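Trainee: Got a predicted structure plus its sequence, pasted below:
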Amino acid sequence: MLVNKLNGLSLLLLLGVLAACDKPKITESSIYNNSVEVETYYREHPERFVFSTLEQLPDNLIWQDGSDLPVFGDPRAKRGGQLTLRLQTMQQTLRVTGPDANGSLRGPLWSANSVNLIHRHPWKDGFIPGVAKQWALDPEDNLTVYLRLDPDARWSDGKPVTVDDLFFSLYFSLSPHLKSPAVNRVTDENIGRITRFDKETLSITQTKASPDLLSGISSFPLSQKEFYKEFGPDYVDRYHWRFAPVTGAYVLDESKVDRGREITFDRLENWWADKKPFYQHRFNPDKMTYFVIRDDNKAFEAFFKGDVDWHFLNQTSLWHDRADDAPIQDGYIERAWIYHDLPTGTSGIHMNALHPLLTDINLRTGIQHAVNYEKVNEGLYRGDRRRIRSFADGYGDYSHPTLKARHFDLDKAVAYFKQAGYTSRGSDGIFVNGSNQRLSFVLSIANRSDEPTQATILKEEAQKAGLELNIEVLDSTAFFTKIFEKKHQMALHGWNTGYSPLPTFEWELRGKDAGKPGNYNTTNIKSDPLDALLTKWDSLSEPRLAQAISHKVQEEIHNFAAWIPGLTADYNRLGYWRWVRWPEYFQVPRYFFFAESGVFWIDTNIRQETDDAKKSGRTMPPVSKVYDRWKDKE
């Protein structure tokens, strides 16, 4: 069941960045053209790359174009100005695929800067045009989607988007040159065939049925054939610091990037989608600049000084304790509490079930009951958050109706520990087994936001159950390297897919990925019953059957007990200088990267007014609003 799996493919790191080396030297003499290699690959795989004619196009297709759905750009939006935001780190490559490419720049480079084939409407059930102006489902096989490309669609270098680019995009995602086995595998397992009817008409046939077939099409990644004509075995080095043409509104001059410090994207003057109904009045700033500020406290102070235009106030102390600070009370900085419609992701504690000390399910279940997230919520977040209920929380009827995370329970924790052979406590209260082995584990965390404080509370509470958690604080680079290499015992983190209507089981649960580095099965879960359910999941197109299987998958994950659900917030809290303006609804409810909606704009007149007011000491009424249109009513 291909659902939002190919966007980057999108289930990758939202937070953190893996380090990379400086740009390697590629000499002029080493440049080559891969045209022969690519065309040969097409010929050698005729079952996957099909060349047909318009005469072979089915004549009973019902073409859709999304014209019945509401537009969401605000006609009040003004073009111009510069938006300045913060990055905690800056990845050292401009590639968006392959090693080290899924860090802090992925949103600005791609997620917020790509018009895909089609897009899901941000709050209605339905799709809107992208580089494809029309699409149609095959009435027979429930696997094939036909598409007509928009003849106006252009890459950022001005070249038209063609079916040849789509063919190459599939070749690109399948190629071992990417050095990304997970991308190769998911593409291979889910995209069965691409067919060319003419330069603007194609079809994509998926291998697995789905109740939501168009999601796979909306996340099909686009790569320009011309730009990647040198794509080959040295791809990782050759394209290390080259900005690939995009279908979005912003471009980048690589030579002007201050590596590790600052990066600015410039708005295309005549972007091809400017007048398209669903893209009009969006992506408004002339420049989008990102500054690296590693320390959270320094980032907040930079925001208060006006060096950064907005800052998330999700940290409880920032929202509650800084509300009376002068820039907010003087009305220069406004605040918004914005509910969204996004799945929770898998934040929590991921136990490495193949670690010798964690293979016992009784031990893992005991640890579940020794983790006190309720204390974290009350003590750190003042009750502002809630516990994630299950592995697929936030997917409507696909979420389990009754399953809930195990609660902190000292008696149950102790009982399970004793079943695992830890029957007596040492002088410090930590359990030991018959071999005098302590019930002690390393909890690896990234040094960001509230995670060190979370870990400290969890450590103190776990000691009450006789469990020792030794906190290992790593920078983001080292943390994600350790997880990908499967060298952790326990890790505090989570994967996030952005919005998807169906659970994305593809990445984190396949038994074939257990024990192997370089994939997202962080718990190393390996279960024959689970794999059988996932195989069945991949074959279903009828929603009720798919929902039933989804519930069983979540039960298997719960019973395996290697993932401890953490906390989530069904909202974002944002502080922004009043010259950043928003639609009446403020922000769309579904996104992967907050800025990708492009519905905001900079009002330069209000900016001047605010600067003058600050200089003269004139204040304005404070503004703090809750936008609860998409609040979960449960």
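Mentor: Arrived safely.

Trainee: Below-threshold pLDDT in the stretch 451-600 of the chain: ranges please.
Mentor: 497 (pLDDT under 70).

Trainee: which residues of it fall in helices?
Mentor: 451-464, 476-484, 528-537, 543-560 (DSSP state H, counting those that start in this stretch).

Trainee: Leu69: which of the ones you listed is closest?
Mentor: Closest approach to Leu69 among those (CB to CB): helix 543-560, 20.8 Å. (Glycine included, C-beta is placed from N, CA and C.)

Trainee: looking just at contacts, which helices and strands does that closest one meet?
Mentor: helix 528-537 (3 or more CB pairs under 8 Å, 6 or more residues apart in numbering; DSSP states H and E).

Trainee: so the helix it packs on versus helix 543-560, what angle?
Mentor: Per axes from the mean of the first three to the mean of the last three CA atoms, to 10 degrees, the angle that helix 528-537 makes with helix 543-560 is 160 degrees.

Trainee: Put together TSV for the helices of the stretch 451-600 of the chain, with mean neighbour count and distance to Gly107 on each row.
Mentor: Formatted as TSV, the helices of the stretch 451-600 of the chain follow (neighbours: other CB atoms under 10 Å; distance: least, CB to CB, whole Å):
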stretch	mean neighbour count	distance to Gly107
helix 451-464	18	20
helix 476-484	20	15
helix 528-537	16	29
helix 543-560	19	28
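
Trainee: Please convert these to TSV, extending it with distance to Arg578.
Mentor: Formatted as TSV, these follow (distance: least, CB to CB, whole Å):
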stretch	distance to Arg578
helix 451-464	31
helix 476-484	32
helix 528-537	48
helix 543-560	44
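
Trainee: Please identify which of the ones you listed is closest to Arg510.
Mentor: Nearest of the helices of the stretch 451-600 of the chain (CB to CB): helix 528-537, 6.8 Å.

Trainee: Can you give the contact residues for that closest one?
Mentor: Applying CB atoms under 8 Å, 6 or more residues apart in numbering, the external contacts of helix 528-537 come out as 1, 505, 509-511, 546, 549-550, 552-553, 556-557, 560.

Trainee: and what of stretch 37-48?
Mentor: For stretch 37-48, contacts defined as CB under 8 Å, 6+ apart pick out 49, 167-168, 170-171, 191-194, 225, 232.

Trainee: Most neighbours among those residues, which one?
Mentor: The most crowded member of those, judged by other CB atoms under 10 Å, is Tyr171 (25 neighbours).

Trainee: Which element, helix or strand, includes it?
Mentor: Per DSSP states H and E, Tyr171 falls inside helix 163-174.

Trainee: now the angle from the next helix-or-strand element following that helix to helix 163-174?
Mentor: Per DSSP H and E, helix 163-174 leads on to helix 181-190 as the next helix or strand towards the C-terminus. If you take the same axes, to 10 degrees, helix 181-190 sits at 120 degrees to helix 163-174.

Trainee: Please identify the buried residues of helix 181-190?
Mentor: Residues of helix 181-190 classed as buried by neighbour count (16 or more other CB atoms under 10 Å): 182-187, 189-190.

Trainee: In the residues you listed, find the pair that's most separated.
Mentor: Maximum pairwise distance among the buried residues of helix 181-190 (CB to CB): 12.2 Å, between Ala182 and Asn190.

Trainee: Can you give the distance from the helix holding Tyr171 to the centre of its chain?
Mentor: Distance, stretch centre to chain centre, for helix 163-174: 22 Å (CA atoms, centre = their mean, to the nearest Å).

Trainee: so which of the helices of the stretch 451-600 of the chain gets nearest Arg573?
Mentor: Checking those against Arg573 by CB to CB gives helix 451-464 as the closest, at 17.7 Å.

Trainee: Check which helices and strands the closest one sits against.
Mentor: Judged by 3+ CB pairs under 8 Å, 6+ apart, helix 451-464 is in contact with helix 361-370, helix 373-381, strand 440-446, strand 468-474, strand 490-493.

Trainee: Return the alpha-carbon coordinates of the third one using PDB.
Mentor: Presented in PDB, the C-alpha positions along strand 440-446 are these (Å, rounded to 0.1, in the frame of the first residue of the first chain):
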ATOM      1  CA  SER A 440      20.800  -0.800  33.400                       C
ATOM      2  CA  PHE A 441      20.600   0.700  29.900                       C
ATOM      3  CA  VAL A 442      21.900   3.600  28.000                       C
ATOM      4  CA  LEU A 443      19.200   6.100  26.800                       C
ATOM      5  CA  SER A 444      20.600   8.000  23.900                       C
ATOM      6  CA  ILE A 445      19.100  11.400  23.200                       C
ATOM      7  CA  ALA A 446      19.800  14.400  20.900                       C
END
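
Trainee: Residue most distant from the centroid, this protein?
Mentor: In the chain, the residue that sits farthest from the middle, by CA atoms, centre = their mean, is Ser427; the gap is 45.1 Å.

Trainee: Against Arg438, how distant is that residue?
Mentor: Distance of Ser427 to Arg438, computed by CB to CB, to the nearest Å: 11 Å.

Trainee: Can you lay out the buried residues of helix 181-190 as CSV showing distance to Val473?
Mentor: Below are these laid out as CSV (distance: CB to CB, whole Å):
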residue, distance to Val473
Ala182, 27
Val183, 30
Asn184, 34
Arg185, 33
Val186, 32
Thr187, 36
Glu189, 37
Asn190, 37
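
Trainee: Let me have the residues you listed in TSV, extended by distance to Asp360 and pLDDT.
Mentor: Below are the buried residues of helix 181-190 laid out as TSV (distance: CB to CB, whole Å; pLDDT from 0 to 100):
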residue	distance to Asp360	pLDDT
Ala182	29	82
Val183	34	89
Asn184	34	93
Arg185	30	89
Val186	32	87
Thr187	37	94
Glu189	32	90
Asn190	35	91
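
Trainee: any idea which of those residues is closest to Asn519?
Mentor: Of all the buried residues of helix 181-190, the one sitting nearest Asn519 is Ala182; the distance, using CB to CB, is 5.0 Å.

Trainee: Report the separation between the closest residue to the closest one other than its chain neighbours and Lys486.
Mentor: Excluding its sequence neighbours, the residue lying closest to Ala182 (CB to CB, 6 or more residues apart in numbering) is Asn519, at 5.0 Å. Distance, Asn519 to Lys486, by CB to CB: 9 Å.

Trainee: Please tell me I have it right and the residue nearest to Ala182 contacts Pro181.
Mentor: Yes. Taking contacts as CB atoms under 8 Å, Asn519 lies within contact range of Pro181: 7.3 Å.

Trainee: any common contacting residues for these two?
Mentor: Counting by CB under 8 Å, 6+ apart, nothing touches both Asn519 and Pro181.

Trainee: residues touching the closest residue to Trp155 other than its chain neighbours, list them.
Mentor: Using CB to CB, 6+ apart and skipping the chain neighbours, the partner closest in space to Trp155 is Pro245 (3.9 Å). Pro245 is in contact with 155-157, 159, 224, 227, counting by CB under 8 Å, 6+ apart.
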